[in-house]
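K.L.:
Have a look; sequence and predicted model below, questions after that.
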Amino acid sequence: MRTLLPARRRLSLGLALAAALTGLGALTASAATASAAPAATAPSPIALTSSACPADIQQGESDGCVTQLQLELDRTGATIAVDGRFGAATLTAVRVFQTAHALVADGIVGPATKAALDAAAAAASGTVDLRTQCGDLRTGASGPCVSTLQTMLNALGARLTVDGQFGPATDTAVRDFQAFHGLAIDGVVGQGTKAALYSGNAGSTGTPPPPGTPVDPAKVLAAAKAFLGVPYVWGGGHSLRGEGPGPSLGTCDGYTGSIQPCPADTTAGVDCSGLVRAAYWFGAGFDLANGGDTNQQTLDRHLTPVTESQRRPGDLEYFGTDAHTTTHVVLYAGTDPATGADMMYEAKETGTDVHYVGLRTGGFWYHVTA
């Protein structure tokens with residue numbers, strides 16, 4: 001797959017985590033209801049999801065539900081008076097929050113806005129401890145635990161929207177963090193990843209190998225293996241929305257697959273060049289063609305043409321009409337010790353997942369160096 005955008009954003013995990021996590025601890029009643037004391041005349045705050053609050057809180061209402069709404073809006077960045085009255089300033093703050101969190105910006109605080117606001121406010125208050133209050137977190141998770149995770153990753157250089165939704169961008173940020181800390185690159189925030197997040201060394205990123213340092217194919221292949229089972233997505237893994245290397249939503253531009261309607265803009269995954277990009281980003285610390293397509297990758301300075309007989313594990317095989325006009329790429333995995341067969345990692349086509357299969361030959365071979 002080669003209709004891609006070349007944008008790239010790397011995580012720069014260089015900020016001190018200890019400062020970012022000051023105040024993270026157990027959820028308390030005071031932390032959950034107030035980050036600053038409401039005005040003396042404001043009604044006592046009422047949790048937004050309480051049965052005492054209407055399903056839709058909107059302009060004109062005056063009660064403790066609005067007091068809580070204003071407290072949470074201020075906690076997430078607004079600067080409005082906490083008076084318990086839903087006026088023009090509160091309406092504007094609600095719409096700004098909704099826009100920032102990809103919600104319908106109608107100024108009405110319904111169930112979706114309440115959930116997003118509660119999650120963002122909880123994270124901003126540092127009220128959740130991932131180690132003691134949350135189970136393993138992975139794609140599809142939601143709530144305050146995810147919001148706290150997103151806030152912690154942002155403190156380390158990520159640029160995630162703190163919305164409490166563990167989607168493709170959060171998955172990529174987690175994998176980046178895991179790669180930099182020598183953890184299993186699986187996108188799952190389990191015990192090991194949590195320990196690293198809370199460690200005093202969480203701000204240490206490690207650095208890519210110096211120029212000319214031999215690539216360790218074992219690390220590249222281990223990174224590729226981590227993506228087994230990830231769906232093939234046309235354009236997935238190419239920073240179309242700024243996620244960086246790793247699984248992401250794709251694009252339907254140029255899509256000609258048999259599965260209709262095109263699932264690329266609703267499914268997170270990688271395409272063929274997105275897979276090898278992620279393998280070398282997480283396994284060797286550099287970005288092939290800055291996220292470009294297969295043709296652009298063949299022109300990358302890290303690639304050196306070799307013959308098929310010279311292939312080694314970690315090499316790339318591109319298929320096309322010539323060495324720089326290509327439509328597909330696979331990562332050579334070497335000989336499987338159990339079967340004696342030459343193997344490859346591949347993201348083949350829509351409707352399949354990244355897989356480990358017997359090597360196909362007949363393409364154009366490249367060795368990759370740092």
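P.N.:
Thanks, I have the structure now.
K.L.:
pretty sure T151 is touching V162, no?
P.N.:
Yes - using C-beta atoms under 8 Å, T151 makes contact with V162 at a distance of 5.6 Å. Every C-beta, even on glycine, is put in place using the N, C-alpha and C of the backbone.
K.L.:
what about the two, which has more around it?
P.N.:
V162 (25 against 22; other C-beta atoms under 10 Å).
K.L.:
Roughly how far does the more buried one sit from G77?
P.N.:
10 Å (C-beta to C-beta, to the nearest Å).
K.L.:
Number of residues surrounding Y198?
P.N.:
16.
K.L.:
can you give me phi and psi for it?
P.N.:
phi -90, psi 0 (degrees, to the nearest 10).
K.L.:
so who does the closest residue to it other than its chain neighbours touch?
P.N.:
Among residues not flanking Y198 along the chain, R131 sits closest, at 6.4 Å (C-beta to C-beta, 6 or more residues apart in numbering). When contacts are counted by C-beta atoms under 8 Å, 6 or more residues apart in numbering, R131 touches 194-195, 198.
K.L.:
Would you double-check that R131 falls in a helix?
P.N.:
Yes - counting by DSSP: H, G, I helix; E, B strand; the rest coil, R131 is found in a helix.
K.L.:
I'd like the distance between it and A196.
P.N.:
Counting by C-beta to C-beta - R131 and A196 are separated by 11 Å.
K.L.:
go on, D253?
P.N.:
Distance from D253 to A196, by C-beta to C-beta: 38 Å.
K.L.:
same deal with D171?
P.N.:
On the measure of C-beta to C-beta, D171 and A196 end up 16 Å apart.
K.L.:
more neighbours, the two?
P.N.:
For D171 versus A196, the count of surrounding residues by other C-beta under 10 Å is larger for D171: 23 against 19.
K.L.:
Quick check on that one: phi, psi?
P.N.:
phi -60, psi -50.
K.L.:
Excluding chain neighbours, give the residue nearest to it in space.
P.N.:
G187 (4.6 Å).
K.L.:
now do D136
P.N.:
Going by C-beta to C-beta, 6+ apart, D136 has G190 as its nearest residue, at 4.6 Å.
K.L.:
got it, and G235?
P.N.:
Using C-beta to C-beta, 6+ apart, the nearest residue to G235 is G250, at 3.4 Å.
K.L.:
how many neighbours does that neighbour have?
P.N.:
Neighbours around G250, by other C-beta under 10 Å: 33.
K.L.:
The one 5 residues further on too?
P.N.:
By other C-beta under 10 Å, 19 other residues sit near Y255.
K.L.:
Alpha carbons of stretch 279-292, as PDB, please.
P.N.:
Coordinates of each C-alpha in stretch 279-292 appear next as PDB, following Å, rounded to 0.1, in the frame of the first residue of the first chain:
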ATOM      1  CA  ALA A 279       9.300  -2.500  13.300                       C
ATOM      2  CA  TYR A 280      12.300  -0.300  12.600                       C
ATOM      3  CA  TRP A 281      11.000   2.600  14.800                       C
ATOM      4  CA  PHE A 282      10.500   0.500  17.800                       C
ATOM      5  CA  GLY A 283      13.300  -1.900  17.100                       C
ATOM      6  CA  ALA A 284      16.100   0.400  15.900                       C
ATOM      7  CA  GLY A 285      15.000   3.900  16.800                       C
ATOM      8  CA  PHE A 286      14.700   5.500  13.300                       C
ATOM      9  CA  ASP A 287      11.800   6.300  11.000                       C
ATOM     10  CA  LEU A 288      11.900   4.900   7.500                       C
ATOM     11  CA  ALA A 289      11.100   7.700   5.000                       C
ATOM     12  CA  ASN A 290       9.600   9.700   7.800                       C
ATOM     13  CA  GLY A 291       6.400   7.700   7.500                       C
ATOM     14  CA  GLY A 292       6.400   7.600   3.700                       C
END
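K.L.:
What residues sit buried inside that stretch?
P.N.:
279-289, 291-292 (16 or more other C-beta atoms under 10 Å).
K.L.:
what residues are up against L249?
P.N.:
168, 233, 236, 240-241, 264-268.
K.L.:
quick one: which of those sit in strands?
P.N.:
A268 (DSSP state E).
K.L.:
just the contacts of L249 now: which is nearest G107?
P.N.:
Of all the contacts of L249, G107 sits closest to R241, with 26.1 Å by C-beta to C-beta.
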